[in-house]
Structure formats: structure tokens, C-alpha cells
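Colleague: Return a 3D structure for these sequence lines:
(one chain, ligands or ions: 2)
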Amino acid sequence: MTYFMCLQCGVQFTESELPPEHCPICEDERQYVRWEGQAWTTFDDLARTHILVVRDDTGVLAFGIEPRFAIGQRALLAETPDGNVLWDCVSLISDEAVAEIKRRGGLQAIAISHCHYYSAMIEWSEAFGGIPIHIHVDDRQWVMRPHPSVAFWEGETLPLNPSLTLIRCGGHFAGGQVLHWKREGASAILSGDILQVVPTRRHLSFMYSYPNQIPLNARSVQRIAAAVEPFDYDNIYGAWWGSNVIGGAREAMRISVDRYLAAIA
Ligand SMILES: [Zn+2]
Ligand SMILES: [Zn+2]
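Modeller: Ligands and ions are numbered 1, 2, ... in the order given. Modelled structure (predicted):
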């Protein structure tokens, strides 16, 4: 039995003898099946050709895969005096990454913006003794490897510790969530592509599908704006390496929402 992993989105599936016939995440209208057809790999095969890199991304420890794999996911370590949380996830894990995180106080939980980052989340949870993986219940159908560590939550916000709060925004996915990080110096929102940092790194965009360029409607964007409005933050860490709004992010968010709503009006 093998835990097959989709080559296109990097999500690990529940164990099976043969590769699954479909990847529902890639067949969904928000993603796409690779042009050469659905294909699979495994954690061990991936580890033979790719490495997990661990390095700083603008003041936050980050994890990514080289050469680029799947969607190009990168994960972030939200470090707080009350415990650390891995934000989003990638399809590989290494002894070096685990050792570095343990050196910084370990990991109390994993939280993931939406299914394009589920990747090898169970492997990461197990490497830290089966810590919970917080996913909004509205995205339950996208979990391809069900596991007791997956902790579905309901509602609009979930405090993980005194410094970290999950905020359900919806939009790109119904259960799409971001993580607010009350941080000494400059608080942040870790957003994945629920709030998408665009190349100016001074603006955000809000799409239902990024690869297929399907915009969100006004009501969904207003709802996202309202969800993050009560929180103070200076920075937004987006979905990719260096894709971050550093300084003035709250104002950038306000301007971006207005700009977006004007564009689709
Ligand atoms: Zn897939
Ligand atoms: Zn996505």
C-alpha cells in the first residue's frame, strides 16, 4: 500500500494499492489537470529528486521545495512565546527541518489556508507526535488523506494561543482561512492566496481561481475585508517566496479592496 501524491498539486492521498484514478482538487474548476495527464509520485520518490529548503523569508523561517514542485508551495513558522504553529505546508519534510523547529521550541499545531497547501500535512503532523492540523470544516471535502490529527473547526475565528488566531475568510474556498499573528514589533497576517499579494507587493487581489482567472464577486470580497477588519497588522505574508507586503499592510488591504470593487463594478 502506498500514499500516492498528485504531481500537479502535491497533495498526498490516503493509502491505496494502485494510484487513484482522479485528483478531485486538480479536477476542480479552480485548478487544472496537468497537460500531459494526471500523474502521481510518492514521498520517497520525491525525496530522491527534490530537497526541502529551510531559510528566512523577510524575517520568518520558511520551508519550500527545490527544484520547484507542484504549485510551488512554501510554508512559514509562526513563532510565539506560547508555542509555534506551522502555517501552510509542503510535500516534503526532512530531519534537518524537524531539528531546526525543535531547536526553536517545537510545534504545537499546523494550520493550512486551503487545500492547495494540504500537501504532506499528515507526515508533518506525525513528525511532531501527531499534532493537530486546523482546517475549517467547510473544506472537509478536500481532505484527501483523512486522519485523526485533522481538527476541523467551525465558526469565524479560532484562537490557537494568545498570539495566533485563525480567521475564516472564505472566497477562494468556502473554508479559506488566514492566520493573524500578534507579534512583537510588527504583527502579521499569513494569508496563503486567500488574500493574494500581487507583484507590486503593495496590493492584494481576491480571486476564486488564480490559474483559471475567475474573479470573486463583490459580496465575497466585502466579506473577506470584514473578516480581517477587527485585527491590527503591519505585514501580510502571501503565498510565495518574497510575496509579502511589509509595512502598511492594513492600509494596503483597504486600498486594494476599494480598487478591486471599483474594477468589477
Ligand atoms: Zn492534484
Ligand atoms: Zn489556491
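Colleague: which residues in the stretch 101-250 of the chain form strands?
Modeller: Assigned strands in the stretch 101-250 of the chain, in chain order: 109-111, 133-136, 150-153, 157-161, 164-168, 177-181, 188-190, 196-197, 204-205, 207-209, 214-215, 235-237, 244-246 (criterion: DSSP state E, counting those that start in this stretch).
Colleague: give me phi/psi at Gly64?
Modeller: Dihedral angles phi and psi of Gly64 (degrees, to the nearest 10) take the values phi -150, psi 170.
Colleague: which residue sits closest to it, ignoring its sequence neighbours?
Modeller: The shortest distance from Gly64 to any residue other than its chain neighbours is 3.9 Å, reached at Arg74 (Cβ to Cβ, 6 or more residues apart in numbering). For glycine as for every other residue, the C-beta is placed from the backbone atoms N, C-alpha and C.
Colleague: isn't the one you found right up against Trp241?
Modeller: Yes - using Cβ atoms under 8 Å, Arg74 is in contact with Trp241, at 5.6 Å.
Colleague: Those two: who's more crowded?
Modeller: Legend: neighbour count by other Cβ atoms under 10 Å for Arg74 and Trp241, higher for Arg74 (25 against 14).
Colleague: and the more buried one, what does it touch?
Modeller: If you count contacts by Cβ atoms under 8 Å, 6 or more residues apart in numbering, Arg74 has them with Asp57, Ala62, Phe63, Gly64, Asp88, Val90, Ala239, Trp240, Trp241.
Colleague: how much space between the residue sitting nearest the centre point of the chain and ligand 1?
Modeller: The residue lying closest to the centre of the chain (Cα atoms, centre = their mean) is Asp88, at 3.4 Å. Distance, Asp88 to ligand 1, using Cβ to the ion, to the nearest Å: 16 Å.
Colleague: Can you name the residue of the protein nearest ligand 2?
Modeller: As assessed by Cβ to the ion, ligand 2 sits closest to His116 within the chain, at 3.6 Å.
Colleague: what's the closest non-adjacent residue to that residue?
Modeller: Nearest residue to His116 in three dimensions, chain neighbours excluded: Ile71, at 5.5 Å (Cβ to Cβ, 6+ apart).
Colleague: wait, is that neighbour part of a strand?
Modeller: No - Ile71: not assigned to a strand; according to DSSP: H, G, I helix; E, B strand; the rest coil it is coil.
Colleague: closest to ligand 1 out of the strands of the stretch 101-250 of the chain?
Modeller: strand 207-209 (14.2 Å).
Colleague: Walk me through which strands the closest one pairs with, and which way each runs.
Modeller: Strand 207-209 has these partner strands in its sheet, going by DSSP bridges: strand 214-215 (antiparallel).
Colleague: would you list every one of the helices in the protein?
Modeller: For the chain, the helices defined by DSSP state H occupy 24-27, 43-49, 95-103, 121-127, 218-228, 249-264.
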